Structure formats: structure tokens, C-alpha cells
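Participant: I need the structure of the sequence given here:
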Amino acid sequence: MTDAGEAIARAHREEWARVVATLCRRFGDLDIAEEMAAEAFATAVERWPADGVPPNPGGWLTTTAHRKAVDRLRREARRDDKHREALMLSDTAEPLGAIDDDRLRLIFTCCHPALAIQTRVALTLRMVGGLTVPEIARAFLAQEPAMGRRITRAKEKIKAARIPYRVPAREDLPERVTGVLAVLFLIFNEGYLASDPGRPAVRADLTAEAIRLTRLVLALMPADGEVAGLLALMLLTEARRPARVSASGELVALGDQDRGAWDRELIAEGHALVRTRLASGQAPGRYQILAAVNAVHTDAPDVRDTDWSQVLALYDQLIVLDPSPIVRLNRAIAVAELDGPQVALAQIDALPLDGYHAFHATRADLLRRLGRSAQSRAAYDRAIELTGNTAELACLRHRRDQLAGA
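Facilitator: Residues are numbered from 1 along each chain as shown. Below is the predicted model of the structure:
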């Protein structure tokens with residue numbers, strides 16, 4: 001990739017949400033904001049390779065997008081209040097420099113309670129996280145056309161309801177925070193294991209941004225246990241990143257990772273958050289329980305020291321709050337360690353997760369441990385078919401090829 005190409009890619013990761021947020025504040029229209037941001041990046045693709053990368057790529061993109069939006073309103077000869085405001089802003093607007101909480105402001109805007117929770121999350125992943133519609137569809141295990149329609153309807157509803165583009169008042173935060181946390185969790189997950197085979201297997205930019213934003217939410221809502229739980233979960237997961245992909249580009253399973261490579265500072269911070277939540281005496285929520293599961297794993301100096309009975313007990317708590325098939329699938333992994341692969345396999349075989357690669361990968365591993373190589377191979381093949389992450393693909397192929405009779 002050329003220097004200009006790398007600069008454009010980096011600017012897209014760092015500036016997309018900021019450009020969109022700035023245009024939303026000034027024009028009050030998500031469609032215009034997204035379209036003009038996309039046009040500004042397209043212009044960068046054309047001009048930067050020839051003209052060179054500007055000293056302030058973010059400011060260049062924001063200014064270009066703003067001018068394109070004003071030009072569009074002029075061309076459409078719209079003489080309403082929005083048009084007049086845009087023309088005034090073109091001369092008298094505040095400086096177009098970076099504003100630290102732009103991304104968080106846009107998250108809270110898109111997570112308005114007027115929208116259904118899944119719609120809030122999908123829209124925010126698109127507008128703020130910079131994820132593509134196919135990436136969002138994979139996160140929801142949904143079809144791409146349906147997800148595209150859901151995002152379009154959400155933008156239309158925001159426009160019709162005249163929802164303001166600002167962080168809500170402090171008393172309004174609790175009714176929006178559930179959607180905000182779901183968004184941040186999914187952004188982190190996309191960084192943890194990228195679903196697009198055209199991207200790096202692990203996207204540290206996304207995990208770092210999700211952690212940064214979750215810290216900001218915790219500063220806004222320090223007494224919210226689920227915010228603290230999500231931050232702890234992210235930190236304990238991120239701590240393992242240095243050991244998760246081998247030098248050959250293959251995903252390394254938790255039990256095979258070099259625990260000496262784990263980030264002990266992140267682990268200590270995550271454990272402290274988990275202990276604080278346990279000491280509060282409040283009933284834990286979903287993220288707090290998942291953080292506690294990860295605390296058990298990161299507390300074990302060796303995989304053989306893992307307290308699987310504690311992991312299972314935590315999943316038993318979680319399944320009361322979230323009896324989803326994916327939670328049941330993850331619980332079965334602990335069951336396999338305590339009661340054997342046959343018991344675990346019986347628990348997951350009927351789960352409605354045929355389109356989920358991790359379901360087939362888990363079945364393949366359990367079947368392998370039972371010596372049922374032919375069935376294990378078929379399950380690995382199905383998991384490989386559904387997997388987009390390059391490191392995970394390499395791992396699954398390696399395991400499949402190691403089966404007896406390969």
C-alpha cells in the first residue's frame with residue numbers, strides 16, 4: 001500500500017465517526033452526514049496520492065465533507081431553515097478541530113430509546129464503529145439485506161423524530177446505556193476476531209477504541225455495575241492478545257497460549273474491577289458475570305489450574321439472565337471439562353446455531369475428543385465454510401488436517 005493509501009486507511013479508522021458527528025451537529029441529518037463523509041474519503045482517494053497527504057488529514061476530511069454538504073443543499077435550492085443555517089455555518093462555524101467526545105456523543109444519539117435495542121446497536125455500529133453492513137450482519141447472525149433495511153429505517157426514524165445530536169442529560173443516561181454497552185461490546189468483538197477476511201485477523205484499533213469509550217462511559221456513570229463489568233471484560237480479554245495469534249498467523253486456543261505473554265497490568269486492572277463489583281453486594285449483570293469468567297481464566301497460572309467448577313457456576317448464573325443458545329454453547333465448554341465431551345455434546349447438538357461457525361467448531365472439537373473423526377471432519381468443514389477470520393481459518397484447517405485418516 002502507498003503512503004497515501006495507508007494514510008487514508010488510518011484516517012478512516014480514526015476520523016470517520018468524528019466527521020459524521022460534526023456533520024450531524026451542523027446539518028441534523030444522518031443521511032447527509034454519512035453520504036458526505038463517504039464523498040470526502042472518495043475525494044481523498046483521488047487527490048492524496050497525487051497531491052500528498054495533508055498535514056491534518058482529519059481536518060481536511062471534515063472541511064471537505066462540510067463543503068460538499070453545503071454545495072449539495074445549494075444545488076437542491078432548499079430555502080428552509082436547514083439551508084440558511086448551513087450557509088451561515090460555512091462562514092461562522094466553530095473551528096473544525098477534534099472534539100474528544102464526538103464519538104461518544106454520536107453513540108448516545110444513535111442509542112436513543114425511541115429505537116428498538118437491536119436497531120440502536122446496528123445503526124451505531126455503522127455510523128460510529130465504521131463497520132460495514134456485512135460485518136454488522138455477521139455480528140447479529142442476520143442476512144445482509146435485512147440488516148441494511150434495518151439501518152435505513154433507523155436513520156429515517158431519527159430524522160422524523162428530530163432526535164438531537166448530543167449526549168443526553170445525566171438523568172437520561174440509564175435508559176440509553178444498555179444499547180451503548182451492546183455497541184461497545186460488539187465493536188470490541190469485531191476487533192478481537194475480525195469477521196472480514198480482507199482485514200487483519202485481530203484489529204487492535206477497534207479493541208483500543210472500545211476500551212477508551214467504555215472508560216469514558218464509566219466516568220459518566222461510575223456507579224453502574226454493568227459499565228464496570230464491561231470494562232473489566234474488555235481488559236481481561238485484551239490482556240491475552242499478545243498470545244492469541246502465532247507467528248505463522250494461526251489462532252492459538254486459550255489452553256495453548258503462552259501465559260507469560262499476557263499483559264499483567266491489564267489483568268490486574270480487570271481483576272480489581274471484578275473484585276470491586278463483587279464487594280458491592282449487588283446482583284451482577286451479564287457483563288459482570290462474563291468478566292468474572294475471564295477473571296477465573298486469567299487467574300490460573302496454567303490451563304490445568306483452571307477452576308472449571310467456578311466457570312460453570314458463573315455460566316449457571318448467566319443463563320438465568322440470558323438463556324440464549326450462544327450462552328448455552330459456551331457453558332457446554334465448561335461442562336466438557338467437568339463431565340466429559342459426551343455430556344457436553346448432548347447439550348449442544350439441538351441448539352439452533354447452524355449458521356454460527358463457533359457452534360460447529362465446538363462440535364468438531366468434542367467429536368474429535370470422542371474419537372469420531374469422520375463426524376469431526378464434517379463439523380470442521382462446516383465451521384471453515386462459515387469463518388471469515390484468517391487466523392481462525394488457519395487454526396480450524398490445522399485441527400481438521402490432524403484428524404486420524406487425514
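
Participant: lowest-scoring secondary structure element of the protein by mean pLDDT?
Facilitator: Least confident element among the helices and strands of the chain, by mean pLDDT, DSSP states H and E: helix 81-92 (a mean of 44).

Participant: sec struct for residue 195, please.
Facilitator: Classification of residue 195 by DSSP: H, G, I helix; E, B strand; the rest coil places it in coil.

Participant: what's the burial count for it?
Facilitator: 20 (other C-beta atoms under 10 Å). C-beta: built from backbone N, CA, C; applies to glycine.

Participant: what's the closest non-adjacent residue to residue 359?
Facilitator: Nearest residue to residue 359, sequence neighbours excluded (C-beta to C-beta, 6 or more residues apart in numbering): residue 353, at 3.7 Å.

Participant: for that neighbour, the count of nearby residues, please.
Facilitator: Using other C-beta under 10 Å, residue 353 is surrounded by 19 other residues.

Participant: what kind of secondary structure is it in?
Facilitator: On the basis of three-state DSSP, residue 353 is classed as coil.

Participant: you'd agree it is up against residue 328?
Facilitator: No: counting by C-beta atoms under 8 Å, residue 353 stays clear of residue 328, with 9.1 Å between them.

Participant: got the phi/psi numbers for residue 251?
Facilitator: Residue 251 adopts backbone torsions of phi -60, psi 140, taken as degrees, to the nearest 10.

Participant: ignore what I typed, I meant residue 356.
Facilitator: Per-residue torsions, residue 356: phi -110, psi 120 (degrees, to the nearest 10).

Participant: verify the stated contact: it with residue 328.
Facilitator: No: taking C-beta under 8 Å as the definition, residue 356 is not a contact partner of residue 328, at 11.9 Å.

Participant: which residues in the protein form strands?
Facilitator: For the chain, applying DSSP state E gives no strands.

Participant: run through it and note the low-pLDDT ranges.
Facilitator: Along the chain, segments meeting pLDDT under 70 span 1-18, 21, 24-31, 34, 73-102, 127-131, 139, 141, 164-168, 404-406.

Participant: please parse it into its domains.
Facilitator: Domain segmentation of the chain under automatic domain parsing yields 3-92, 319-406.

Participant: please state the offset of the shortest one from the chain centre?
Facilitator: This points to domain 319-406. Centroid separation for domain 319-406 versus its chain: 23 Å, with C-alpha atoms, centre = their mean, to the nearest Å.

Participant: list the buried residues for stretch 348-357?
Facilitator: 348, 351, 353, 356-357 (16 or more other C-beta atoms under 10 Å).

Participant: likewise stretch 266-284?
Facilitator: By neighbour count on 16+ other C-beta under 10 Å, the buried set for stretch 266-284 is 266-267, 269-271, 273-274, 277, 284.

Participant: try stretch 302-321
Facilitator: Buried positions in stretch 302-321, judged by neighbour count with 16+ other C-beta under 10 Å: 306, 308, 311-312, 314-315, 318.

Participant: turn the residues you listed into JSON lines, including distance to residue 178.
Facilitator: What follows is these, written out as JSON lines (distance: C-beta to C-beta, whole Å):
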{"residue": "306", "distance to residue 178": "31"}
{"residue": "308", "distance to residue 178": "30"}
{"residue": "311", "distance to residue 178": "25"}
{"residue": "312", "distance to residue 178": "27"}
{"residue": "314", "distance to residue 178": "21"}
{"residue": "315", "distance to residue 178": "21"}
{"residue": "318", "distance to residue 178": "16"}
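
Participant: now, the most widely separated pair of the residues you listed?
Facilitator: Spatially, the most separated pair among these is 306 and 318, at 17.3 Å (C-beta to C-beta).

Participant: so who does the residue nearest to residue 359 touch?
Facilitator: Residue 353 sits next to 325-326, 329, 359 when contact means C-beta atoms under 8 Å, 6 or more residues apart in numbering.

Participant: so which of the residues you listed sit within helices?
Facilitator: Counting by DSSP state H, these place 325-326, 329, 359 in helices.

Participant: could you flag which of the residues you listed are buried?
Facilitator: Here, 16+ other C-beta under 10 Å leaves 329, 359 buried among the ones in helices among the contacts of residue 353.

Participant: using JSON lines, lay out the ones in helices among the contacts of residue 353 together with distance to residue 390.
Facilitator: JSON lines is the format used below for those (distance: C-beta to C-beta, whole Å):
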{"residue": "325", "distance to residue 390": "26"}
{"residue": "326", "distance to residue 390": "22"}
{"residue": "329", "distance to residue 390": "23"}
{"residue": "359", "distance to residue 390": "20"}
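
Participant: which of the ones in helices among the contacts of residue 353 lies closest to residue 341?
Facilitator: Closest to residue 341, out of all of the ones in helices among the contacts of residue 353 and judged by C-beta to C-beta, is residue 329, at 13.8 Å.

Participant: got the contact list for that closest one?
Facilitator: When contacts are counted by C-beta under 8 Å, 6+ apart, residue 329 touches 348, 351, 353, 358-359, 362.

Participant: could you rerun that using 6 Å?
Facilitator: Contacts were defined as C-beta atoms under 6 Å, 6 or more residues apart in numbering; by that measure residue 329 touches 348, 359.

Participant: one step back: between the buried residues of stretch 348-357, which sits nearest residue 120?
Facilitator: The closest of the buried residues of stretch 348-357, once distances to residue 120 are taken by C-beta to C-beta, is residue 356, at 22.6 Å.

Participant: what's near enough to touch residue 191?
Facilitator: Residue 191 makes contact with 203, 206-207, according to C-beta under 6 Å, 6+ apart.

Participant: the same query, at a cut-off of 7 Å, please.
Facilitator: Applying C-beta atoms under 7 Å, 6 or more residues apart in numbering to residue 191 gives the contacts 202-207, 210.

Participant: out of those, name the ones that lie in helices.
Facilitator: 204-207, 210.

Participant: let's have the residues you listed in TSV, adding neighbour count and distance to residue 66.
Facilitator: Shown next, in TSV, are the ones in helices among the contacts of residue 191 (neighbours: other C-beta atoms under 10 Å; distance: C-beta to C-beta, whole Å):
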residue	neighbour count	distance to residue 66
204	12	30
205	14	25
206	22	26
207	20	31
210	25	28
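
Participant: switch the residues you listed over to CSV; also include distance to residue 333.
Facilitator: Below are these laid out as CSV (distance: C-beta to C-beta, whole Å):
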residue, distance to residue 333
204, 26
205, 29
206, 25
207, 22
210, 24
